[in-house]
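Participant: below is the sequence, then the predicted model.
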Amino acid sequence: MSDRIEWPTGRDKDAALIIRTDYDDEQAWSAVKAALMMTWGEDDDFEPYIHVVDDPRWTGITPAQALSEASAHKEHHGVVYLADRVSMRETPVTLLALSLLTREQCESDEEFEAYGGAFRVVPYGIHEMNANLMIANLDFGDFADAARNDPEGVFRGFAN
């Protein structure tokens, strides 16, 4: 366990976990939160299902550090979304989708390549990802492949 931060507890494990890691611009954070709270789906008929960690102790946490914290706390959710410096400064808003799978948990490099890693995702895509991951309809690798096929490396949702 880190002396600096604690892994979020007491949350619905099915909710998409969003962790804010950049605290330089409150107006930008408001825009990110607004994008995350938009309804989604073909007819915008689904409410967001997220848990936001807005705690300055997470300032500057890298993906490797977040992965280490998740592993230390036996987090099995599968993915965490980081609202990082890029999220606060680029348009459109994207967050970093980080697989919580470590190389040590995989039987091969190929398995880790398929199901581990990170990519950028628009807020709408987070909701689509979370819904599909929650029911095991798709896995992290399916979304990573879609992001790799995007010219900017961003998962924008399958419906878009």
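Facilitator: Cool, the structure landed. Numbers count the residues shown, from 1 in each chain.
Participant: just give me the neighbour total for T102.
Facilitator: By other CB atoms under 10 Å, 13 other residues sit near T102. In short, each C-beta sits where N, CA and C put it, glycine included.
Participant: repeat for S71
Facilitator: For S71, using other CB under 10 Å, the count is 15.
Participant: what's the answer for R148, then?
Facilitator: 11.
Participant: also C106?
Facilitator: C106: 15 neighbours (other CB under 10 Å).
Participant: my read: it touches F112, true?
Facilitator: Yes. Because the distance of 4.1 Å satisfies CB atoms under 8 Å, C106 is recorded as touching F112.
Participant: alpha carbons only: can I get stretch 12-26 in CSV?
Facilitator: Listed next in CSV are the C-alpha coordinates belonging to stretch 12-26 (Å, rounded to 0.1, in the frame of the first residue of the first chain):
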residue,chain,number,x,y,z
ASP,A,12,-19.9,0.0,-6.9
LYS,A,13,-17.4,-2.3,-8.7
ASP,A,14,-19.5,-2.2,-11.9
ALA,A,15,-19.2,1.6,-12.2
ALA,A,16,-16.5,2.9,-14.5
LEU,A,17,-13.7,4.2,-12.3
ILE,A,18,-12.5,7.7,-13.4
ILE,A,19,-9.5,9.1,-11.5
ARG,A,20,-8.5,12.7,-11.9
THR,A,21,-4.7,13.1,-12.0
ASP,A,22,-4.3,16.7,-13.2
TYR,A,23,-5.3,19.7,-11.0
ASP,A,24,-4.0,22.6,-13.0
ASP,A,25,-7.3,23.8,-14.6
GLU,A,26,-10.6,23.7,-12.8
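Participant: what bridges to the residue most central in space within the chain?
Facilitator: Nearest residue to the geometric centre of the chain (CA atoms, centre = their mean): Y81, 1.9 Å. Beta-bridge partners for Y81, by DSSP bridges, are I18, A97.
Participant: what separation do you get for it and P48?
Facilitator: Using CB to CB, to the nearest Å, Y81 is found at 12 Å from P48.
Participant: thanks a lot, catch you later.
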